[in-house]
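Trainee: please find the sequence and the predicted model below.
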Amino acid sequence: MRNQHDLGRRDGEFILSTPSEIENELPFQLVGAGIDFFQYPVERPFGFPVYQWIQTGSGMGVLECAAGTLQVPPGSGMLLYPEEPHTYHAADDDWHVNWITFSGHLAEGMLAYLKMPRTQVYVVSEPLAIEARIRKALQTLRSDYPLRGIDGSAIVYQLMLDFLKYVQKDGTASRDSHHMRLKPAMDYVEAHIGEPISLDALARTIGVTPQYFCDLFRAVTGQRPTEYLNRRRIDRARELLLLEPQTPIHEIARRTGYSSDSYFASVFRRLEGVTPHRYRESNANRRTPER
């Protein structure tokens, strides 16, 4: 295969660095980054020494690895594990990518937690967010700041959180996409927090059955819809208890969707550890609740 240098192509910007001894002790190390990079064909029969994320900016790439022959279209990226044989090349004449290389003793465990345990191509719901992270990495690598290695470690960790939010695994939507799908239901809660809110009404906001809504909501938030609703109502009650010290507690209960004073007090105490009355007394000098 002919490469970029054979073709005289040096489009884009990139930097590769060698982590220092101190940086090697960090949980993550930023090794390199490239932006708007003309991607030439690459053959690596023995793999690459560190992790690499290569995300398509324009054009189309093809990755050949143990998982098979995989296309890398816009809106996707390929995660390459260290020392795993692979090749990649453009499917069209031009394939421009943004890439970042990283290492660290916590990288493998974090990627396993993210369900990204092998060399593979992944769809990204917000590619511009990850591209911005890579641009930040390039800027950091250019810096002469003595502690740039620590900043680079933080960037790699933030990249992992981007993967958590935006990368789709096993054909399912990303966590961010699921949250966006639930947003109409969460907006409905905020708009009607002082009214009775049924599971059917919440499910209708996103056009699904109540059972599917429950399953989706719990998968995304880790809570049942009723738990989320109670949390938001009690958060609002805490605000009103401090902002309106003269308003009777039973009135605050009604304004936050509780028709029963005893049930309101029970839920408040379960979530806050004190009764509404005690909470108001203990925080009489504050106008906003602690978060």
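Mentor: That came through, no problem. Numbering: from 1, shown residues only.

Trainee: when you work out contacts or count neighbours from here on, use the C-alpha atoms and nothing else.
Mentor: OK.

Trainee: from the middle of its chain, how far away would the strand ranked longest in the chain be?
Mentor: Of all segments of type strand in the chain, defined using DSSP state E, the longest is strand 29-38. Centroid separation between strand 29-38 and its chain, computed with C-alpha atoms, centre = their mean, to the nearest Å, is 20 Å.

Trainee: which elements pack onto that strand?
Mentor: If you count contacts as 3 or more C-alpha pairs under 8 Å, 6 or more residues apart in numbering; DSSP states H and E, strand 29-38 packs onto strand 13-16, strand 96-103, helix 127-142, helix 148-166.

Trainee: and Gln52, how far from Asn98?
Mentor: Distance of Gln52 to Asn98, computed by C-alpha to C-alpha, to the nearest Å: 11 Å.

Trainee: give me the phi and psi for the residue of the chain most remote from its centre.
Mentor: Distance from the centre of the chain peaks at Gln246, with 42.1 Å (C-alpha atoms, centre = their mean). Geometry field for Gln246 lists phi and psi as phi -90, psi -10, criterion degrees, to the nearest 10.

Trainee: and stretch 36-48, how far out from the chain middle?
Mentor: 27 Å.

Trainee: hmm, back to that, separation between the residue farthest from the centre of the chain and Arg238?
Mentor: Taken as C-alpha to C-alpha, the span from Gln246 to Arg238 is 14 Å.

Trainee: for Glu108, give me its contacts.
Mentor: Pro117 (C-alpha atoms under 8 Å, 6 or more residues apart in numbering).

Trainee: element containing it, please.
Mentor: helix 107-113 (DSSP states H and E).

Trainee: list the buried residues of that helix.
Mentor: 107-108 (16 or more other C-alpha atoms under 10 Å).

Trainee: one more: stretch 148-159?
Mentor: 148-157, 159.

Trainee: dump it to CSV, restricted to CA.
Mentor: The C-alpha trace of stretch 148-159 is given here as CSV (Å, rounded to 0.1, in the frame of the first residue of the first chain):
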residue,chain,number,x,y,z
ARG,A,148,0.4,19.1,30.5
GLY,A,149,0.6,15.4,31.2
ILE,A,150,-2.0,15.7,33.9
ASP,A,151,-4.2,17.8,31.7
GLY,A,152,-3.8,15.2,29.0
SER,A,153,-4.8,12.4,31.4
ALA,A,154,-8.0,14.4,32.2
ILE,A,155,-8.8,14.7,28.5
VAL,A,156,-8.5,11.0,28.0
TYR,A,157,-10.9,10.4,31.0
GLN,A,158,-13.3,13.0,29.5
LEU,A,159,-13.0,11.1,26.2
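
Trainee: mean pLDDT and distance to Pro85 for the helices and strands packed on strand 29-38 - can I get that in JSON lines?
Mentor: JSON lines is the format used below for the helices and strands packed on strand 29-38 (pLDDT from 0 to 100; distance: least, C-alpha to C-alpha, whole Å):
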{"stretch": "strand 13-16", "mean pLDDT": "77", "distance to Pro85": "21"}
{"stretch": "strand 96-103", "mean pLDDT": "95", "distance to Pro85": "16"}
{"stretch": "helix 127-142", "mean pLDDT": "93", "distance to Pro85": "24"}
{"stretch": "helix 148-166", "mean pLDDT": "91", "distance to Pro85": "23"}
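
Trainee: and the nearest residue to Ser17 once chain neighbours are set aside, how many neighbours does it have?
Mentor: Spatial nearest neighbour of Ser17, excluding adjacent residues (C-alpha to C-alpha, 6 or more residues apart in numbering): Val31 at 5.4 Å. Residues near Val31, counting by other C-alpha atoms under 10 Å, number 25.

Trainee: which residues sit in contact with Val31?
Mentor: Applying C-alpha under 8 Å, 6+ apart, the residues near Val31 are 16-19, 100-103.
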